[in-house]
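J.: Quick check, what structure comes out for this input:
(chains A and B)
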Amino acid sequence: MMNPVTEAELAEAVVGASGPLRIMGGGTRPIGKPVAGELLSVAGLRGVELYEPGALTIVVKAGTPLAEVEAALAAEGQRLPFEPMDHRPLLGTAGEPTIGGVVAANVSGPRRIQAGACRDSLIGVRFVDGRGEVIKNGGRVMKNVTGYDLVKLMAGSYGTLGVLSELSFKVLPVPEAVAGLRIEGLSDEAAVRALSMALASPFEVSGAAHAPAGADGTPVTMIRIEGFAASVAYRAEALKALLAPFGAAAVENDAAKVVADWRWVRDVEGFAGQTGDVWRISVKPSDGPRVGAALQAQGLLYDWGGGLIWARVGAGRDIRPALAGVGGHATLIRASEETRAALPVFQPEPAPLAAISAGLRAQFDPRGILNPGLMG
Amino acid sequence: MEMPTPNPDILARKARIVERLLEVLPRDAVIDDVHETRAYECDALTAYKCPPLCAVLPASTGEVSEVLRICHEEGVPVVPRGSGTSLAGGALPTADSVILGVARLREVLETDYENRFIRVQTGRTNLSVTGAVEEEDFFYAPDPSSQLACAIAGNIGMNSGGAHCLKYGVTTNNLLGVTMVLMDGTVVEVGGAHLDAGGLDLLGVICGSEGQLGVVTEATLRILRKPEGARPVLMGFDSNEVAGECVSDIIKAGVLPVAIEFMDRPVIRATEAFAHAGYPDCEALLIVEVEGSDAEIDEQLGLITQIARRHNPVELRESKSAEESANIWLGRKSAFGAMGQINDYMCLDGTIPVTSLPYVLKRIGEMSKEYGLDVGNVFHAGDGNMHPLILFDANKPGDLELCERFGADILKLCVEVGGCLTGEHGVGIEKRDLMHAQFSRADMEAQLRVKDVFDPNWLLNPAKVFPLDVTESRRAA
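T.: As a prediction, this is how the structure comes out:
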């Protein structure tokens, strides 16, 4: 295993590589096709480089534990806006998630509907490409259109275009208060209609999810609002009135309970320890229930107002036929190595786009050594 | 400003190229008369002009595909053009290029309130996207100052921002999908009405690529429900530094205004003389706007004014009505017009870390004395996106060049303090040769390789964004 502790050492490691490299942060998110190759750990590149609370920006090395980043922000009453998921319960992994891993997989949670995805908060990157060259793009300011936006391209590229070494984020203040609304017993169709109504209201919803089987096994539809206490109280009542046609919503003001509820959604805790493969499907919200029904799943969870479907299905089955005629895509998140080697983990692209993706990989990694084949 | 020498072989083949374009487009969609092509000789950066070989105005994605296929076969450079409002020269032609205007692509294709998106052809103007959903109380968030005229195509090309992006983000954060035509005529769909990419985030690199990767003909845009209300507070301070500190304190306090706008004394005086908005005569003025219900607005403005009071403002004017809000915004919205009344000006667009605001403003003031040119500052302070306006006299020999040198020094200063050359206008030709200040050769090479994949022959808007010496071998190939 190679374990560089500086960007220069990381670049040397890539230059000197004689074969494929398997790039790892904390090793808590084994997503994608299994990669054979020498292990290159980025966990040694660690530390907060710069944090300016007054400018809402933080710059960190890629191997920094996510928990360390979140603690530094929390000390100033700030946070990462996109609420990254912790994959450990779902994937049964151990170890320390790193901020580089979060970016490499573009990991975003329930707040994505309001605050954007990881790629939207990411404002700068430094990385080592397959030639061993150190490349920077973006910077540490929120508005930047200088040259092409490789920042977005690197987010969610799973190490196949370069090995991330340093990341800059736009961060946000932690709101004063949070509240949750819960409506019991809705069908998937009614739930997504209710969530759409809430998301189309002016009441600034920061979470909109539906579990056909909640923690107690019965359907629960959940909405989250955050902000100043008086505003949260006002919006909770306004949403309750708006959604009355769907049933009586219970309002939860205990922050600890609301946080636990949304961690349950964010980390798909309901699937933890359950058998079967887990797929993550992205569609427009109103297509969610139809796709959900067609999946014949053992378990379902709808987030992002119905547009993000988590599905637990029988092992080894390709669920993509359920998306026929629907725009969107499916990613196989949890399955045995055999299944991940046999099925396309990422959605196969139409030929012209597949050619562009392959062309970009060939340009950034001409020797094909960075997590080769991981994305298909 | 240096531009590549036109290819004489292409100039000699003009008749044939026009003839081929006429095979796929109606007569009135091909503008080849040497007088009429003058209408396309520049965009809003009017200091540089050059009529194109011809201009085409296709009315469908299919026609765009046919035009690009022909230009690809003929080896003719293509310069995509939205509404021509670029301040950076993004749509400046060369004599051997075809201008591809999207002005005839203006339809709304789909409006979906349940899923909160709109799909439009990209010649549609920014403001008319909001116009199409306003009846249902929705809006499209990015709001560049030119929104009445600028096209969505150009917004995507430059990743445009606006005054309200502190809360809502810029174009890239509100763009869900595109239909794009590659240089060889291939039509691709990237993204859609769903929220994230299934593979590499191609949409992310397409947005802001200044028309160099493909021609975007249709876009799926996120629309949002309008807030219940919005009101600003106006505050005046007796120094730029104090105003800068106040901005930082507001951000740290956990309030997230939709806009924080900053004006300095030269701009305040010019707008007062022009628009009579009743602004105080002070060194620096902030307009901070918040959204929500009346009670929510009162609470947030209360917090903001409390913070402002700690900085001894010379004026603090909280809006209580729509009329008062309009008055507060009046001066800001006429600032550029007001400065234009005094003189010719050049508008810069560098972004800096908010915390460097006081230092950068002080340095700009010093440099203004050194160069002997006046500068006014009016900008989006919440996100550090500065718009220094350098005043010069276009009729005075050498003044434009002096102004350009001063502007380059300001932008280098922005990079030095950790910022960038352009926050929302784009590089175009204007900042092309300054790219060395921000990027190493390897940084730029990585970007050029992206273009190599999308447009291997370097025919799409080839003389923009990157210094000509950096792209020369690729353009010549």
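
J.: Work out for me the element the residue in the stretch 251-376 of chain A that chain B sits nearest to sits within.
T.: Nearest to chain B, among the residues of the stretch 251-376 of chain A, is A:His329, at 3.1 Å (CB to the nearest CB). For glycine as for every other residue, the C-beta is placed from the backbone atoms N, C-alpha and C. Using DSSP states H and E, A:His329 sits within strand A:328-334.

J.: thinking again about what came up before, excluding residues flanking it in the chain, which one is nearest the residue of the stretch 251-376 of chain A closest to chain B?
T.: Residue nearest to A:His329 in three dimensions, not counting chain neighbours: B:Gly198, with 3.1 Å by CB to CB, 6 or more residues apart in numbering or on different chains.

J.: Pretty sure A:Val283 is one of the things the one you found touches, is it not?
T.: No. The pair B:Gly198 / A:Val283 is not scored as a contact, 10.9 Å apart, by CB atoms under 8 Å.

J.: Name the nearest residue to B:Phe439, ignoring sequence neighbours.
T.: A:Gly147 (6.4 Å).

J.: My guess is that neighbour contacts B:Val465. True?
T.: Yes. A:Gly147 is within contact range of B:Val465, at 6.5 Å (criterion: CB under 8 Å).

J.: Need the residues touching each of the two.
T.: B:427, B:435 (CB atoms under 8 Å, 6 or more residues apart in numbering or on different chains).

J.: Pull the number of nearby residues for residue 371.
T.: If you meant another chain, say so; for now it's chain A. Close neighbours of A:Asn371, defined as other CB atoms under 10 Å in any protein chain shown, add up to 26.

J.: looking at chain B here, not the other one
T.: If we define neighbours as other CB under 10 Å, then B:Tyr371 has 18 of them.

J.: Is the residue nearest to A:His329 located within a strand, as I assumed?
T.: No. Per DSSP: H, G, I helix; E, B strand; the rest coil, B:Gly198 lies outside any strand segment and is coil.

J.: residues contacting it?
T.: So B:Gly198 contacts A:282, A:328-331, A:346-347, A:349 (CB under 8 Å, 6+ apart).

J.: and if you look at B:Arg225?
T.: B:Arg225 neighbours (CB under 8 Å, 6+ apart): A:200-202, B:116, B:137-138.

J.: Which parts of the stretch 201-350 of chain B are helices?
T.: B:202-206, B:240-252, B:265-275, B:294-309, B:322-333, B:335-342 (DSSP state H, counting those that start in this stretch).

J.: who does the second one touch, helix- and strand-wise?
T.: By that I understand helix B:240-252. Helices and strands touching helix B:240-252, as assessed by 3 or more CB pairs under 8 Å, 6 or more residues apart in numbering or on different chains; DSSP states H and E, comprise strand B:230-237, strand B:259-264, strand B:284-291, helix B:294-309, helix B:357-371.

J.: now for the ones you listed, which one comes closest to chain A?
T.: Using CB to the nearest CB, the nearest of those to chain A is helix B:294-309, at 4.5 Å.

J.: which residues are in contact with the closest one?
T.: Against helix B:294-309 from outside (CB under 8 Å, 6+ apart): A:227-228, A:230-231, A:234, B:228-231, B:233, B:235, B:246, B:249-250, B:253, B:255, B:257, B:286, B:288, B:290-292, B:316, B:318.

J.: change it to 6 Å
T.: A:228, A:230-231, B:231, B:233, B:235, B:246, B:249-250, B:253, B:255, B:288, B:290, B:316, B:318 (CB atoms under 6 Å, 6 or more residues apart in numbering or on different chains).

J.: how about a markdown table for the helices of the stretch 201-350 of chain B, with distance to A:Gln274 and mean neighbour count added?
T.: Below are these laid out as a markdown table (distance: least, CB to CB, whole Å; neighbours: other CB atoms under 10 Å in any protein chain shown):
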| stretch | distance to A:Gln274 | mean neighbour count |
| --- | --- | --- |
| helix B:202-206 | 34 | 26 |
| helix B:240-252 | 43 | 22 |
| helix B:265-275 | 62 | 20 |
| helix B:294-309 | 42 | 18 |
| helix B:322-333 | 54 | 18 |
| helix B:335-342 | 60 | 18 |
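
J.: I'd like to know which of those has the weakest mean confidence.
T.: Mean pLDDT values for the helices of the stretch 201-350 of chain B show the minimum at helix B:335-342, a mean of 86.

J.: sorry, back to before: just read off the phi/psi values of the residue nearest to A:His329.
T.: phi -90, psi -20 (degrees, to the nearest 10).

J.: For chain B, what is the nearest residue in the stretch 101-250 of chain A?
T.: A:Lys152 (2.4 Å).

J.: next one: the strand or helix carrying that residue to chain centre, how far?
T.: In this assignment (DSSP H and E), A:Lys152 forms part of helix A:150-154. From the chain centre to the centre of helix A:150-154 is a distance of 15 Å (CA atoms, centre = their mean, to the nearest Å).

J.: Which residue would you name as the spatial centre of chain A?
T.: A:Val107 (2.1 Å; CA atoms, centre = their mean).

J.: Excluding residues flanking it in the chain, which one is nearest that residue?
T.: Nearest to A:Val107 is A:Pro84, by CB to CB, 6+ apart, at 4.5 Å.

J.: Low-confidence ranges, the stretch 251-376 of chain A, go.
T.: The stretch 251-376 of chain A contains no residues with pLDDT under 70.
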